[in-house]
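sharing a model that was predicted from the sequence below.
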Amino acid sequence: MKWRWKPDECELPLFDAARFLEIVRGKSMAFVGDSIARNQMQSLVCLLTNVTRPLDISYMMEPSEHYYYYGYNFTIAHIWTTHLVGASAEFHPFSKHPSSVNLDIPDKLWASEIENYDFVIISTGHWFLRPLRYHQKGKLVGCHVCGKERPTDLNIYYAYRMALRTAFRTLIGLPKFKGVTFLRTVTGSHVSHGGNWSEDGDCAWTRPFRREEMKIDDVVSEMYSIQLEEFSAAQKGREEKGFEVWAFGHY
């Protein structure tokens, strides 16, 4: 709670909740992604309590989380999705059995309501490291951590690229969507003790990392590169259809 993030060569002012609420007056914002996206949404809600508290209207919008700021006519939401694309089974982070994702079909939970938002923050990452079967056009095209089951040599990088491409193409193709899309880039692991994140590991650091202690593994680095490539492709598509997209993160 006492740490402060300071970017290189930049003096970042403290968050101004009152100014933020004036900027988003009459608008709506959706965080589309997994628990990190939910944490970001919850953090923003906490910051805004310096000015006002929202109405929790999640019961009206299940299974998504929605909060409404009555005095500002502003809605903020978290729409849960693990991979951005459609899934044929419920995912559990500790399961060792492969689940299935449809790489060419967006997750209908977010795709069905995203046209209503002015700002959309999408993200996905470490869930692709779990055991998965990849499907395209209704056919099995690849598998990750599936034991003897090896239908093709397609790997997680191919699946990750196709999922991001599907998400961007979906957003660009929505006829009524006029909002601004932000891509939150992939994070490194936050776990340093007791195993990886799917084995109930934890982070026991009592101070921020020093520069020389920062380590990004090769998998996350490659995922980050794929994000930038698909982001660049989406930026080109925005010129034709008025689609506005930005990227941010802490890679």
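Happy to help now that I have it.

excluding its backbone neighbours, what's nearest residue 97?
Leaving aside its sequence neighbours, residue 97 sits nearest to residue 131 (C-beta to C-beta, 6 or more residues apart in numbering; 6.4 Å). Any C-beta I mention is one placed from the backbone N, CA and C, and that applies to glycine too.

now residue 18: which helix or strand?
helix 17-23 (DSSP states H and E).

mind checking the pLDDT average for that helix?
Taken as a whole, helix 17-23 has a mean pLDDT of 97.

what does stretch 97-106 give?
In the prediction, stretch 97-106 has an average pLDDT of 89.

ok, back up a step: from the contact counts, what lies against the helix holding residue 18?
Judged by 3 or more C-beta pairs under 8 Å, 6 or more residues apart in numbering; DSSP states H and E, the packing partners of helix 17-23 are helix 35-48.

again, 6 Å this time
Using 3 or more C-beta pairs under 6 Å, 6 or more residues apart in numbering; DSSP states H and E as the contact criterion, no helix or strand is in contact with helix 17-23.

distance between stretch 68-76 and the chain's centre?
A distance of 23 Å separates the centroid of the chain from that of stretch 68-76, by C-alpha atoms, centre = their mean, to the nearest Å.

below-threshold pLDDT in the stretch 101-250 of the chain: ranges please.
Within the stretch 101-250 of the chain, the stretches with pLDDT under 70 are 147-153, 189-202, 237-243, 245-250.

where along it do the helices fall?
Shown for the stretch 101-250 of the chain, the helices assigned by DSSP state H, counting those that start in this stretch span residues 108-111, 156-173, 218-241.

make JSON lines from those and add distance to residue 60 and mean neighbour count to it.
Converted to JSON lines, the helices of the stretch 101-250 of the chain look like this (distance: least, C-beta to C-beta, whole Å; neighbours: other C-beta atoms under 10 Å):
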{"stretch": "helix 108-111", "distance to residue 60": "16", "mean neighbour count": "18"}
{"stretch": "helix 156-173", "distance to residue 60": "24", "mean neighbour count": "21"}
{"stretch": "helix 218-241", "distance to residue 60": "31", "mean neighbour count": "15"}
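
got JSON lines for these, with distance to residue 145 too?
Shown next, in JSON lines, are those (distance: least, C-beta to C-beta, whole Å):
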{"stretch": "helix 108-111", "distance to residue 145": "25"}
{"stretch": "helix 156-173", "distance to residue 145": "9"}
{"stretch": "helix 218-241", "distance to residue 145": "13"}
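
which of the ones you listed sits closest to residue 2?
When those are compared by C-beta to C-beta, helix 218-241 sits nearest residue 2, at 27.3 Å.

who's in contact with that closest one?
Residues outside helix 218-241 that contact it (C-beta atoms under 6 Å, 6 or more residues apart in numbering) are 157, 160-161, 164-165, 168, 172, 183, 185-186, 188, 244-245, 247, 251.

show me the two of the residues you listed that sit farthest apart.
172 and 188 (29.0 Å).

not counting sequence-adjacent ones, nearest residue to residue 135?
residue 102 (4.9 Å).

residue 18 is in contact with residue 48, correct?
No: here residue 48 lies out of contact with residue 18, judged by C-beta atoms under 6 Å, at a distance of 9.2 Å.

and these two? Which one has more around it.
Neighbours per residue, other C-beta atoms under 10 Å: of residue 48 and residue 18, the larger number sits with residue 48, 22 against 11.

residues touching the nearest residue to that one once chain neighbours are set aside, list them.
Of all residues not flanking residue 48 in the chain, residue 17 sits nearest, at 5.0 Å (C-beta to C-beta, 6+ apart). Contact partners of residue 17, counting by C-beta under 6 Å, 6+ apart, are 47, 48, 50, 51.

wait, a strand at the third one?
No: assigned with DSSP: H, G, I helix; E, B strand; the rest coil, residue 50 falls outside any strand and is coil.
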